[in-house]
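Q: Just to be clear, the model below is a prediction. Sequence and coordinates:
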Amino acid sequence: MPKKTEKSFPGNLIPFDRHFFTGREKFTLIGRGSLGGKAHGLARMKEILDAKISPLFGPDIQVVIPTLIVITSDFFDHFIEQNDLYEISLSKQRDDAIAQAFQRAELPAQLVGDLRALIAQVHTPLAVRSSSLLEDAMFEPFASVYATKMIPNNQLDPDTRFRKLVEAIKYVYASTFFGDAKNYMLATKHTTADEKMSVIIQEVVGSRFGNRFYPDISGVARSYNFYPLGHAKPGDGVVILALGLGKMIVDDGIGWSYSPAYPQANPPYVSIRELLEQSQTEFWAINMGPPPEYNPIKEIEYLLKFSLEDAERDGALRFIASTYRLRDDKIVYGIAEKGARIIDFAPILKLDLIPLNKMLRVLIKACEEALGRMVEIEFAISLDEKRGVPARFGFLQVRPMVVSEAKVDVSQAELTGAGVLVATDSAMGNGILDNIRDIVYVKPEKFSPHRTETIAGQLEDLNRELAASHEPYVLIGFGRWGSSDPQGGIPVNFGQISGARVIVESTLPEMNFMLSQGSHFFHNITSFRVLYFSVPHWEKYSIDWNWLREQKAVSETEFIRHVRLSAPLKIKVDGTTSRGVISHD
Amino acid sequence: MSHKPFSSFEMAQSQFDKVAAWLELDEATRELLRWPMKEYQFLIPVRMDDGRTKIFRGFRVLHNDARGPGKGGIRFHPQGTIDTVRALAMWMTWKCALMDIPLGGSTGGVICEPHNLTLREQELVCRGWVRQLHRDLGPQIDVPAPEVMTGAQHMLWMLDEYEALTGKRLPGFITGKPVGLGGSVGRLEATGFGLVFILREALKEMGIPPEETRASVQGFGNVGQHAVRLYQQMGGRVTCVSCWDQKDATSYSFKKESGIDLEALLNITDRFGGIDKKKALDSGYEVLPGSAWLEQDVDILIPAALENQIFGDNVGLIHPRVRVIAEGANGPTTAEADQAIRERGIFLVPDILANAGGVTCSYFEQVQSNMNYYWEKDEVLGKLDVKMTAAFDSVLELSKKKGLSMREAAFFIAVARVAQACRDRGWV
């Protein structure tokens, strides 16, 4: 009999040998199709991490790609074809109807044996992530467009664990055809039918504390920062850290943000009270206990938010928190004293307990070299319970970051000149737009924090129309765009406003909102070069509502108004000064 | 061609004798395992549609139930003999043991030609078969299943008769039932898919990517059809299938160099797996003699019809390109042919391993029926794949360790397990 040989597989990876944690390779695949963008990015970094990063920072930091298998895109094709899912997938059915149809369908026969073998030996939480093919082909990041489902995978019965894994895979497949994804495709001039999905099944980095499982730290690091503070420069990049799962940063927009060049500098705050309010007070974890409800078509079926008190009881704050000392109105590093906790990662960033920042700077550089462009990476860290080190750094994702290089000048005078509709010195992005005639705005006189979900629905309808006719628009609204708390802003996801090329977020005097400054959609905004204006009412610049009201409406609902101008607006943002202006003739 | 009249049971006994010698089994164990523990032969009178009464001959053979209740199919075939049924029952014992499922081996049958029977007549044969045997059948005694020319409808008639006689609802009495009436999803595909799971592992072992292979399949019934489907999904190309033509009372091979179109072929295939010759010609297939499937320029041969298909006289016709034979049928290769295949270095996956997907899924069906709780297809096929792959790995490991062929290693494992169960029970 011929000797066993290994033919080349995508990404020079080797096929899954049915040993997840115990196999000789920790990055394997099932199938011979494409890996998709996320998996491809990881495959490119695999050797670099092993050869260049790990040796530099071991044993204090063990840098790894958490054990994973990739189900390549050929299985996605089989799945759709054998279950006749194309029609419903490309229809205008609701997301839940599509998700249910996918749940009823059967996975390809040649896939389920590998999944069964995997689940028989793994009892720890798994993340089932999307890895889109277009993302790979276009070298474009489709951040948060498709679903990721985390499963606790701790049930005693392997049949139950298997079912949960299968449900999660089908859910991720279905998310390819959800409304947001379709809107996103329209905005990016792709067609949904072209999209294919690979799936990554990956070990979740973290530890179990009773009925919750989470990493001590999760984070995002970016090569370029459109909000450089103090002495930091845009090219220094930015790092955002949070306690628990990275969902807190990516979806809720909350975390400790700092410049890797100045890791000890705090973000700006007026008072310690404000700092306490702005910093993280809750965290996401995988629920290892009974789920509140059985709902296989809910992305966060097994995720729950917990309080900092819970984390402190778990002993998870020791290396990442400071304490507010009321008696002298000071923040002291660590949690030795009683008082309100602030998740500022001071023991690591300021006392240098772990060379995390140094490692991140090297890692960002290595990723930039590998991808040949600026990058964004996601990671999760679990710390040694007693000493903090050795820490296990799980490298979860790397994706390209689109940064405009064009030089734009916006002078101070331009912000107050005639014909200014919107001006700010807190704009995000960089560039000039002179082809937008459409403005969609939330009527200030009608806006109510209690009606934000209705407003989101109305915006989605209008966005669909404008995106279909390829009309880019300026979007103006109140509160944090994309807020997960409907009272804190309009709870849209990026797909619902995907046609907007300029987004303005504002406040009204009777409302005390913190603005998001684009954090909810940061990646989408930078990828699509969306210009983002923050115009809080207390600042010196404002929006010319009267001029807007005078313009004739193309359409109008109770809460929103759509106007189309005869001449395009002039829109400019200077990324180096953060000045931005929208003016009309 | 001329060769000694083939006896399946002699072949099965000779396979056993060889393994018994390796295992150094004592005389009593050899005697116990060489023969069936129970045999039933009986007559089934049936009032035919034309008013005549016809007497059919029925069988049930329980070879061994040391590891659990008997399990095995019911074959309707005009050339059925007690000899064939004995062999099939013995192979079922080994197959269940090899797959490590807690069942023994049995097989039954009726000498009849279903092509020539109306559905009503077939129903009466089924019900008559159960009436003769019901005291010696049941979820804890012996569990029948479909085999050649029997299917879900036959199983349902038999279940209905059994439940009427016992006054209970006992879906675990029989397997291969229709889905929704006690059947398991995935059962229909199980044998063919299971064969391809094993084939996949064999190709992996040999370092051959499935998408670079071509296959020829003998038999286009349930096993052949599902094996073709999954093999094609893996990227393989089936260039030839053969099947029995009831009208011409002979078999034909249907060849298409570019690869057969499974869905199109199924549209011109009857419920017994017979392909319409004329329509196949119209669709661009070459129609060749039945034996031509064996001579094809392919990498893989899948005999998925009946026993005794590759023998001393035709083994030399196998094309030099062939590297794997996966036995979808029971006993398709004679001992003489087996030796020649081994000498040529062809990797042969033996029947008791390659086609064990059927009985494994039957076991799953019985478990579900006894619980009256049914699994999703993903779960059934996932479990099937794991069982099949684990069995393949253990056979391969032993064959390498002891320098045995895959068939020898498979029998070695199976017979050892059954002999041990007999010893543990204190029978020998």
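A: On my side now, so go ahead.
Q: Residue A:532: neighbour count?
A: Neighbourhood size, residue A:532 [other C-beta atoms under 10 Å in any protein chain shown]: 27. In this view, the C-beta of every residue, glycine as well, is placed from N, C-alpha and C.
Q: That one belongs to a helix?
A: No. Counting by DSSP: H, G, I helix; E, B strand; the rest coil, residue A:532 is not part of a helix but strand.
Q: Which pLDDT does the model give the residue in the stretch 1-150 of chain B positioned nearest to chain A?
A: Nearest to chain A in the stretch 1-150 of chain B, going by C-beta to the nearest C-beta, is residue B:99, at a distance of 14.3 Å. What the model reports for residue B:99 is a pLDDT of 96.
Q: That one reaches residue B:361, doesn't it?
A: No. Assessed by C-beta atoms under 8 Å, residue B:99 is found out of contact with residue B:361, at 10.4 Å.
Q: What sits closest to residue B:77 if chain neighbours are left out?
A: residue B:148 (5.5 Å; C-beta to C-beta, 6 or more residues apart in numbering or on different chains).
Q: Pull the number of nearby residues for the one you found.
A: 22.
Q: Please apply the same query to residue B:277.
A: Other residues near residue B:277 come to 17 when the count uses other C-beta under 10 Å.
Q: Quick check on the nearest residue to it once chain neighbours are set aside: phi, psi?
A: Spatial nearest neighbour of residue B:277, chain neighbours left out: residue B:287 (5.6 Å); criterion: C-beta to C-beta, 6+ apart. As for residue B:287, its main-chain torsions (degrees, to the nearest 10) stand at phi -110, psi 120.
Q: thinking residue B:287 is in contact with residue B:251, fair?
A: No. The criterion here is C-beta under 8 Å, and residue B:287 misses it with residue B:251 at 11.0 Å.
Q: quick one, which of those two is more surrounded?
A: residue B:251 (20 against 15).
Q: low-scoring stretches of the chain, by residue?
A: In the absence of a named chain, chain A is used. For chain A, applying pLDDT under 70 flags the ranges A:1-11, A:135-144, A:187-189, A:226-230, A:267-271, A:274, A:402-407, A:511-528.
Q: try again with chain B
A: For chain B, the ranges with pLDDT under 70 are B:1-4.
Q: Please enumerate the strands of chain B.
A: Assignment of strands within chain B using DSSP state E yields the ranges B:38-47, B:53-64, B:70-76, B:105-111, B:142-146, B:214-218, B:237-245, B:250-255, B:286-289, B:300-303, B:324-326, B:347-349.
Q: looking at the ones you listed, which is buried most?
A: With neighbours defined as mean count of other C-beta atoms under 10 Å in any protein chain shown, the strands of chain B peak in mean count at strand B:300-303, which reaches a mean of 30.
Q: can you give me how far that one is from the chain middle?
A: 14 Å (C-alpha atoms, centre = their mean, to the nearest Å).
Q: Check the gap between the residue of the stretch 51-200 of chain A found nearest chain B and residue A:16 for me.
A: Proximity of the stretch 51-200 of chain A to chain B (C-beta to the nearest C-beta) peaks at residue A:113, 2.2 Å away. Distance, residue A:113 to residue A:16, by C-beta to C-beta, to the nearest Å: 10 Å.
Q: who has more neighbours, residue B:99 and residue B:361?
A: residue B:361 (28 against 22).
Q: so what's that one up against?
A: Residue B:361 makes contact with B:184, B:186-187, B:190-191, B:194, B:380, B:384 under the criterion C-beta atoms under 8 Å, 6 or more residues apart in numbering or on different chains.
Q: nearest spatial neighbour of it, skipping sequence neighbours?
A: residue B:190 (3.3 Å).
Q: re the thing from before, return the set of residues that bridge with the residue nearest to residue B:277.
A: residue B:254 (DSSP bridges).
Q: For it, give me its contacts.
A: Here residue B:287 is in contact with B:252-255, B:277, B:280-281 (C-beta under 8 Å, 6+ apart).
Q: tell me the contacts of residue B:71?
A: Residue B:71 sits next to B:92, B:96, B:103-106, B:142-143, B:145, B:175, B:359, B:362-363, B:366 when contact means C-beta under 8 Å, 6+ apart.
Q: how many neighbours does the closest residue in space to it that isn't next to it in sequence have?
A: Excluding its sequence neighbours, the residue lying closest to residue B:71 (C-beta to C-beta, 6+ apart) is residue B:103, at 4.1 Å. Look at residue B:103: counted by other C-beta under 10 Å, it has 25 neighbours.
Q: My guess is residue B:103 contacts residue B:68. True?
A: Yes. Using C-beta under 8 Å, residue B:103 makes contact with residue B:68 at a distance of 4.3 Å.
Q: Find residues that contact each of those two.
A: Common neighbours of residue B:103 and residue B:68 (criterion: C-beta under 8 Å, 6+ apart): residue B:96.
Q: And the residue nearest to the spatial centre of chain A, how far from chain B?
A: Centroid-nearest residue in chain A, with C-alpha atoms, centre = their mean: residue A:250, separated by 3.2 Å. Distance, residue A:250 to chain B, by C-beta to the nearest C-beta, to the nearest Å: 30 Å.
Q: surely that residue meets residue A:242?
A: No. Using C-beta under 8 Å, residue A:250 makes no contact with residue A:242, being 9.4 Å away.
Q: can you give me the helices in the stretch 101-250 of chain B?
A: Along the stretch 101-250 of chain B, the segments classed as helices by DSSP state H, counting those that start in this stretch run B:119-133, B:152-166, B:187-206, B:222-233.
Q: Quick check: which of those is nearest to residue A:46?
A: With C-beta to C-beta as the criterion, residue A:46 lies closest to helix B:187-206 of the helices of the stretch 101-250 of chain B, at 22.9 Å.
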